[in-house]
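Participant: Requesting a structural model of the entry that follows:
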Amino acid sequence: MFFLLNILGILVVSGLIFLCSPDKRKIRWRSIVSLFIVEILITWFMLTTTVGTWVINKIASFFTWLVSCANAGISFAFPSVMANETVDFFFSALMPIIFIVTFFDILSYFGIMTWIIDKVGWLISKISGLPKLESFFSIQMMFLGNTEALAVIRDQLLVLKGKRLLTFGIMSMSSISGSIIGAYLTMVPAEYVFAAIPLNCLNALLLASILNPVRINKEEDIVYVPPKEERKDFFSTISNSMLIGMKMVIVIVAMVIGYVALTTCLNGILGFFIHGLTIQKIFGYIFSPFAFLLGLGSHDAMYVASLMGIKISTNEFVAMMDLKTHLKDMQPHTIAVAVTFLTSFANFSTVGMIYGTFSSVLGEEKSGIIGKNVWKLLVSGMAVSLLSAMIVGLFVW
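Facilitator: Here you go, the predicted structure:
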């Protein structure tokens, strides 16, 4: 019965996203079916073979190495901070952006990044039937956070029209950052974290093509290459990259502080009228039907629903810390779906981070596309997490 509920959940979530689509006629169903088949195969590969885990671990190791390089620079400037056993979010997750943006801009300077976008995007677009850049971005999000991933392709974004820009905003809700994978692994089982990473990215591509269907002609489906006359010398390029990275860090931290503070303020107001009521509890009750559709019993469903509420109103770290204390008493299926659901940045503060990144990279005018479509970002982020959890749940009982 629970297995059937799990399958029903996939159909229900997909159906609700379809109902939210503003332009149903433009949806490419061949792409949707192709992506879903690929997801099933990837999940099988990841959870039933040792080779799958080895491949993802190697990719993760590369991005962990990048973060360690960034940390060397941060440690030079802030040795006392980085020497602590626990390092603040600002230094551990945001400051590495400066180096990661610079690293990929160097690759772009020598044409390497452009080549990768073109070839990898072409491969994924052949499978999905979707544009090269969007297809590449879905893969890029596997280990680069939304802000880093958007910054890396900012030259491409500058020449895109509003509707395609919205696709990147929607997809960005479902990414994670290589800099925090290690933190996840200290709290929850690694196999479900690594299974969630590719599923989230493919589901982001899948749902974005339903929520914001865009059709482009062959002439538009290209990777933008800046004219030679616009290129600066190498050292000017990397210096500018570092300044852009620092600007992004400042904008993002402002957004995070503001949204977390607003959540706390709202909880205080709610508590004034009804003792103990919080925004986390409200979202927990809202998401409880979906928790049952993960193939869970009533007790586990209500607990996982509470984790969902915590995640969307604060962040996944708080929810994972709570989950960590209950792992010993939980069934394998419950652990699998809960961990998979929590492994992404889909919450209110992430909307602020995406808006801040668009604003700092593309300017206020283009960032307005995010402000006008916040509901699409939130719906997509939660739906991607649910679909990924439901697909993983099919293989773990």
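Participant: When you work out contacts or count neighbours from here on, use the C-alpha atoms and nothing else.
Facilitator: OK.
Participant: pLDDT averaged over the host helix or strand of Ser380 - what is it?
Facilitator: Of the helices and strands defined by DSSP states H and E, Ser380 is found in helix 374-393. Averaging pLDDT along helix 374-393 gives 90.
Participant: Check which helices and strands that helix sits against.
Facilitator: If contacts are counted by 3 or more C-alpha pairs under 8 Å, 6 or more residues apart in numbering; DSSP states H and E, helix 374-393 sits against helix 2-20, helix 29-48, helix 162-172, helix 190-211, helix 332-342, helix 348-362.
Participant: Now those in CSV, please, with extra columns for distance to Asp88, mean neighbour count and mean pLDDT.
Facilitator: Shown next, in CSV, are those (distance: least, C-alpha to C-alpha, whole Å; neighbours: other C-alpha atoms under 10 Å; pLDDT from 0 to 100):
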stretch, distance to Asp88, mean neighbour count, mean pLDDT
helix 2-20, 36, 16, 86
helix 29-48, 32, 16, 85
helix 162-172, 23, 22, 84
helix 190-211, 22, 25, 86
helix 332-342, 21, 26, 92
helix 348-362, 17, 23, 80
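Participant: May I see the ones you listed organised as TSV, with distance to Leu293 added?
Facilitator: TSV is the format used below for these (distance: least, C-alpha to C-alpha, whole Å):
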stretch	distance to Leu293
helix 2-20	5
helix 29-48	18
helix 162-172	23
helix 190-211	18
helix 332-342	11
helix 348-362	23
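Participant: hmm, back to that, now the helix holding Ser380 and helix 29-48, what's the angle there?
Facilitator: 50 degrees (axes from the mean of the first three to the mean of the last three C-alpha atoms, to 10 degrees).
Participant: that older thread, out of the helices and strands packed on helix 374-393, nearest to Tyr109?
Facilitator: helix 348-362 (17.7 Å; C-alpha to C-alpha).
Participant: can you give me the mean pLDDT across the following helix or strand past that closest one?
Facilitator: Sequence order places helix 364-371 as the next helix or strand after helix 348-362, per DSSP H and E. Averaging pLDDT along helix 364-371 gives 78.
Participant: Pull out the buried positions in helix 364-371.
Facilitator: 366-367, 369-370 (16 or more other C-alpha atoms under 10 Å).
Participant: tell me the contacts of Phe290?
Facilitator: 9, 305, 386 (C-alpha atoms under 8 Å, 6 or more residues apart in numbering).
Participant: got it, and Gly111?
Facilitator: Gly111 neighbours (C-alpha under 8 Å, 6+ apart): none.
Participant: how far away is it from Ser236?
Facilitator: 17 Å (C-alpha to C-alpha, to the nearest Å).
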